[in-house]
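> heads up, no residue letters with this:
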């Protein structure tokens, strides 16, 4: 999520990254994740897992490793790509604010909702037009939603990532 870096004491900002990190686009990424998740699990996504989505999808090192089928297990993906855990640990804290802003935007727009169990679910159906480069990123978000849905509860997913509960 680092969208700027220091180069010879100059502050360089990557505008492509900044535009992708706007709350509207991030909200759509979360929506696509929830869409993939809902194909397998209709109970919704538990709150503690929502913060994994953006750092996994926006990392140029992690996103290319998200492959496979909708029935792939998270543990299998992580065992084949152990670098994901290291990269995620560096990205999750910086991405939290983007996630919060995206959730507020998506909830206010009605594209995500919260069920009676407090889990995130799809809200109003959306149709996405005009995106070309971003389509692959959104497909990865949906596939990642499948991976999470196939992998059990919060505790199991946290353990897969090496997070102690």
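Nice, I can see it. This is a predicted model, so every value here is computed, not measured.
> Ends of stretch 60-67, what's the gap?
14 Å (CA to CA, to the nearest Å).
> going forward can the numbers begin at 53, since that is how I track them
In the new count, where the first residue is 53, that last one comes out as stretch 112-119.
> For the residue sitting nearest the centre point of the chain, list the residues it contacts.
The chain has residue 105 as the residue nearest its centroid, 1.8 Å off, counting by CA atoms, centre = their mean. Taking CB atoms under 8 Å, 6 or more residues apart in numbering, we find residue 105 in contact with 81, 82, 85, 151, 193, 196. Where C-beta positions appear, they are placed from N, C-alpha and C, glycine not excepted.
> How about residue 133?
Neighbouring residues of residue 133 by CB under 8 Å, 6+ apart: 114, 117.
> show me where the protein has strands.
In the chain, the strands defined using DSSP state E lie at 56-59, 62-65, 164-166, 172-174.
> Name every strand pairing with the third one and say which way it goes.
The one in question is strand 164-166. Paired with strand 164-166 in the same sheet, following DSSP bridges, are strand 172-174 (antiparallel).
> Contacts for the strand it pairs with next, please.
The contact list for strand 172-174 (CB under 8 Å, 6+ apart) reads 82-83, 86-87, 90, 96-97, 99, 102, 163-167.
> One more pass at 6 Å, please.
86, 90, 96, 97, 164, 165, 167 (CB atoms under 6 Å, 6 or more residues apart in numbering).
> Pull out the buried residues from those.
Among the contacts of strand 172-174, those buried by neighbour count (16 or more other CB atoms under 10 Å) are 86, 90, 96, 97, 164.
> For the biggest helix by length in the chain, buried residues please.
Using DSSP state H to define each element, the chain has its longest helix at helix 135-161. Within helix 135-161, the residues scored as buried using 16+ other CB under 10 Å are 136, 139-140, 143-144, 147, 150-151, 153-155, 157-159, 161.
> what's that helix packed up against?
In terms of contacts (3 or more CB pairs under 6 Å, 6 or more residues apart in numbering; DSSP states H and E), helix 135-161 is packed against helix 75-90, helix 105-110.
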